[in-house]
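> this one's structure only:
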């Protein structure tokens, strides 16, 4: 009961309803019994190694789970501003660790600015906390369009993700920071600690530990040469793994593997079906029209 799908029924995890959750749990149990997930699916795509480990722990076959990260497009480009403040981007809700973020700022010199982009149920409470603790260096900017968020990242010395939840999918804020060449400070938790090599393109800190977070932010302001190198490494990470082109390559390779391994493929096809040399391709190497397979 503690680790099975029926635990969800106990807590009504699907739409807050135990009966509705029971239906979903029964469906999952039936397909597990029939072997649907292992027999009828060629590959599963997940955005991070952390997600892959979780799905393996949940019982999916490891050899069928491939990692295809999310990507940022269009490329926002690298920032070349004065990098004068720290930046948070996200929903202002309890699981995002914003209480820890402001508690850390109460420990830091007033000369280190923090800009908070986003909105949510905690905004009024956070603004009141900042007022009561004299955090004049903290600015709440509300929700902004994507291009303005990218502009803010380009001028930030670091982006901070203090989340106290897994962020199980690949948090795009991290990838966007990489794209703009901005180092990232993240909670050592879930997918975040997999994405950031500690001391390479950012730092880890202990989730919920304001003192630890404050020490990492202080290091960002005390070591400008180190941060310049981290900025370069963050951009290299984006170019290597999180562009539209790299994502497309992984996706096409997955399709190729799925088609090539499919037992229903014609026995006389002797070449890779996604290669321009394949008879499945059209004239002058143009891909064929999409069809069901």
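Good, I have the coordinates. Because the structure is a prediction, the values reported are computed rather than measured. Numbers count the residues shown, from 1 in each chain.
> Can you tell me what sits against the strand or helix carrying residue 66?
Element membership for residue 66 (DSSP states H and E) is strand 65-67. Applying C-beta atoms under 8 Å, 6 or more residues apart in numbering, the external contacts of strand 65-67 come out as 43-49, 51-52, 55-56, 250, 254. C-beta coordinates here come from the backbone N, C-alpha and C atoms, glycine included.
> And for stretch 235-251?
So stretch 235-251 is in contact with 45, 66, 68-73, 75, 78, 175, 178-181, 201, going by C-beta under 8 Å, 6+ apart.
> Relative to the whole chain's centre, how far out is the helix or strand where residue 240 lies?
Here residue 240, judged by DSSP H and E, is contained in helix 224-241. Relative to its parent chain, helix 224-241 has a centroid offset of 18 Å by C-alpha atoms, centre = their mean, to the nearest Å.
> Could you list the buried residues of the lowest-mean-pLDDT helix or strand in the chain?
Lowest on mean pLDDT, DSSP states H and E among the helices and strands of the chain sits helix 36-39, with a mean of 84. Across helix 36-39, burial judged by 16 or more other C-beta atoms under 10 Å covers residue 37.
> just checking, what packs against the following helix or strand past that helix?
Remark: after helix 36-39, the chain's next helix or strand is strand 44-46, criterion DSSP H and E. In this structure, strand 44-46 makes packing contacts with helix 49-57, strand 65-67, judged by 3 or more C-beta pairs under 8 Å, 6 or more residues apart in numbering; DSSP states H and E.
> Tell me which of those lies nearest to residue 156.
Closest to residue 156 of these is helix 49-57 (C-beta to C-beta; 24.9 Å).
> residues contacting the closest residue to residue 13 other than its chain neighbours?
Closest residue in space to residue 13, ignoring its immediate chain neighbours: residue 21 at 5.5 Å, by C-beta to C-beta, 6 or more residues apart in numbering. Counting by C-beta under 8 Å, 6+ apart, residue 21 makes contact with 8, 9, 11, 12, 13, 14, 15.
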